[in-house]
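> Pasted the sequence and its predicted model underneath.
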Amino acid sequence: MGKITGFKEYKREIPKDRPVEERLKDWKDVHVQFPKDLLQKQASRCMDCGIPFCHKGCPLGNIIPDWNDLVYHDRWKEALERLLSTNNFPEFTGRICPAPCEDSCVLNINDNPVTIERIEQEIIEHGYKSRWMKPNPPKNRTGKKVAVIGSGPSGLACADQLNKAGHKVTVFERNDRVGGLLMYGIPDFKLEKQIVMRRIELMKQEGVEFKTNVHVGVNLPGGELLKNFDSVVLAGGATQARDLPIPGRELKGIHFAMEFLPLQNKRNQGDSISEDQFISAKGKNVIILGGGDTGSDCHGTSLRQGAKKVYSLELLPKPPEKRALNSNPWPEWGKVFRASSSHQEGGLRDWSVMTKRFSGEGGVVKKIHMVRLDWVESQNGSPPKMVEIPGSEFEVEADLVLLALGFLGPEKETMLKQLGIGLTPRGNVQVDPNYMTNVPGIFSCGDMRRGQSLVVWAIWEGREAARGIDKFLMGETRLPSSPFHY
């Protein structure tokens, strides 16, 4: 490493985000650009450690110490090449990944880790600004045609890899725009949509074809794909939302998160949505059930829409401020308290609370009735048991309730049923080690196969599935594999 004492000389430092009072007035990125001189100092903190555990922390196996060193030495083009060798879309992961690599950083044992995620983002942005990100279509075509169903991060990564291998790839998306959850699930203040479209345009120029408003199994029979393509990839995500079947669920004003978030993203893209169709938090008491990323996105969106009050409630207990070293040691992902940029913008959060029922007036929700929980540790090593605390019942006024309770896997009654795809006991698509389903020539990857997960895992899944497809089509594959197999 060029600055062997960098981690001793410099502390972790990240530019302050845009002021809350400013960013709540728009939908732009909450972050500001990382000054180049500060970024290079931060890159110099990479320790030249004997075993760089950040490789293992990253599902893609990104070669992080190499591109940190190259950034420090002002060798940006080489850093970009090293980054793109393992990650198809660093402009996405550099913005919306929770950075498990940083939790695995050796420096994180007794200090603050290297600012890996923000360095990654600046490398790819430097590449675009320097016009190094140019179309690079394959020199030769194989004559094989592949249909990719779903244009989220997994489908895009799989399509990108297969196109690089020389296959003719067509991506089918059921929505009116390409991008899946990148387009309609994640708010603009975390991922501005021109970032997504910039990459889509590059893929188009490299030969990938995109078709929108095509819902396979609904307005396009799955059998048609099998007739017209040599292989099919199912990458439709885990879109079956977990519901909350309790008294009062039928009241108006209770919505799934993925009913709420896409509407604002559509408006931000210029779509005209009537007021009777739009779900707005303006002037309302908003209750968000679920404390994960989707709940956080609802939180920030509600604040920007002008909610009167925003409450984010979580069934599980509040995580500790520091790792429990006996049960959650480094380099594992730290199960510690975290506050997203949305949570830092206002509103309230509460933990260990369970919703018992909703009540309302005139068929519209007005209150949510809760009880506090105690989590009793078991004696046999099984998970803690949830126990209601007697006399702890309480209620909160609610004009809008958003259910961000996670997802139960892929929708099963359309495409999967029509194609006869086998499922795992958990309801995800069953595949073999090469990512092929029980139907020869049909593969699956991403959340549809893995279950609800991270964007970085989805990209890894897409890359790995592409290897299996390429091998199926050609008898062998030269597509690169991730350094780690899970």
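Cool, the structure landed.

> dump the residue contacts of residue 283.
Shown in contact with residue 283 (Cβ atoms under 8 Å, 6 or more residues apart in numbering): 306, 307, 308. All C-beta atoms are positioned from the backbone trio N, CA, C, and that covers glycine.

> Could you do residue 170 as well?
145, 146, 147, 148, 208, 209, 210, 211, 229.

> thinking the second one is in contact with residue 233, fair?
Pointing back at residue 146 there. Yes: counting by Cβ atoms under 8 Å, residue 233 is a contact partner of residue 146 at 6.6 Å.

> who's more crowded, those two?
residue 233 (32 against 28; other Cβ atoms under 10 Å).

> That one belongs to a helix, doesn't it?
No: checked against DSSP: H, G, I helix; E, B strand; the rest coil, residue 233 lies outside a helix; its state is strand.

> tell me the helices in the stretch 51-200 of the chain, going along the chain?
Counting by DSSP state H, counting those that start in this stretch, the stretch 51-200 of the chain has helices at residues 54-57, 64-72, 76-84, 90-96, 100-103, 116-129, 153-164, 181-184, 193-205.

> Residue 456 is nearest to which of these?
Proximity to residue 456 (Cβ to Cβ) singles out helix 90-96 among the helices of the stretch 51-200 of the chain, at 5.1 Å.

> outside of the closest one, which residues touch it?
29, 31, 60, 83-84, 87, 117-118, 120-125, 128, 153, 182, 186, 190-191, 195-196, 198-199, 455-456, 459.

> Same question for stretch 67-83.
Residues beyond stretch 67-83 that count as contacts (Cβ under 8 Å, 6+ apart) turn out to be 1-3, 6, 39-40, 43-44, 46, 62-63, 66, 90, 114, 116, 119-120, 122-124, 126-127, 130, 132.

> thinking again about what came up before, give me the buried entries from the contacts of residue 170.
145, 146, 147, 148, 208, 209, 210, 229 (16 or more other Cβ atoms under 10 Å).

> Show the secondary-structure elements that the lengthiest strand in the chain is packed against.
Determined from DSSP state E, the single longest strand within the chain is strand 364-376. Here strand 364-376 touches strand 353-361, strand 385-388, strand 394-397, strand 400-403, going by 3 or more Cβ pairs under 8 Å, 6 or more residues apart in numbering; DSSP states H and E.

> most tightly surrounded among those strands?
Highest mean neighbour count among the helices and strands packed on strand 364-376 (mean count of other Cβ atoms under 10 Å): strand 400-403, with a mean of 27.

> Direction included, what does that one pair against?
Here strand 400-403 is paired, per DSSP bridges, with strand 254-256 (parallel), strand 285-289 (parallel).

> Quick check: buried residues in the longest helix along the chain?
Counting residues, the longest helix found in the chain (DSSP state H) is helix 455-474. Buried residues in helix 455-474, counted by 16+ other Cβ under 10 Å: 455-473.

> And that helix, how far out from the chain middle?
18 Å (Cα atoms, centre = their mean, to the nearest Å).

> Out of the contacts of residue 283, who's the most crowded?
Neighbour max across those (other Cβ under 10 Å) = residue 307, 22 neighbours.

> count of residues packed around the nearest residue to it once chain neighbours are set aside?
Excluding the flanking residues, the one nearest residue 307 by Cβ to Cβ, 6 or more residues apart in numbering is residue 281, at 4.0 Å. Residue 281: 25 surrounding residues under other Cβ under 10 Å.

> what's the answer for the one 10 residues further on, then?
Here the number of neighbours of residue 291 (other Cβ under 10 Å) works out to 23.

> how far away is the closest residue to residue 106 other than its chain neighbours from residue 219?
Leaving aside its sequence neighbours, residue 106 sits nearest to residue 49 (Cβ to Cβ, 6+ apart; 4.1 Å). Using Cβ to Cβ, to the nearest Å, one gets 53 Å for the distance from residue 49 to residue 219.

> And these two? Which one has more around it.
residue 49 (15 against 9).

> Now the more buried one, what are its backbone angles?
phi -70, psi 150 (degrees, to the nearest 10).

> For it, report the pLDDT, please.
You'll see residue 49 listed with a pLDDT of 90.

> Check residue 268 too.
97.

> Surely it touches residue 193?
Yes: when contacts are counted by Cβ under 8 Å, residue 268 is listed as touching residue 193 (7.1 Å).

> So for the longest strand of the chain, what gets flagged as buried?
Neighbour count says strand 364-376 has 365, 366, 367, 368, 369, 370, 371, 372, 373 buried, by 16+ other Cβ under 10 Å.

> In those residues, find the pair that's most separated.
366 and 373 (23.7 Å).

> for the longest helix of the chain, packing partners?
helix 90-96, helix 153-164, strand 231-234, strand 442-444, helix 447-450.
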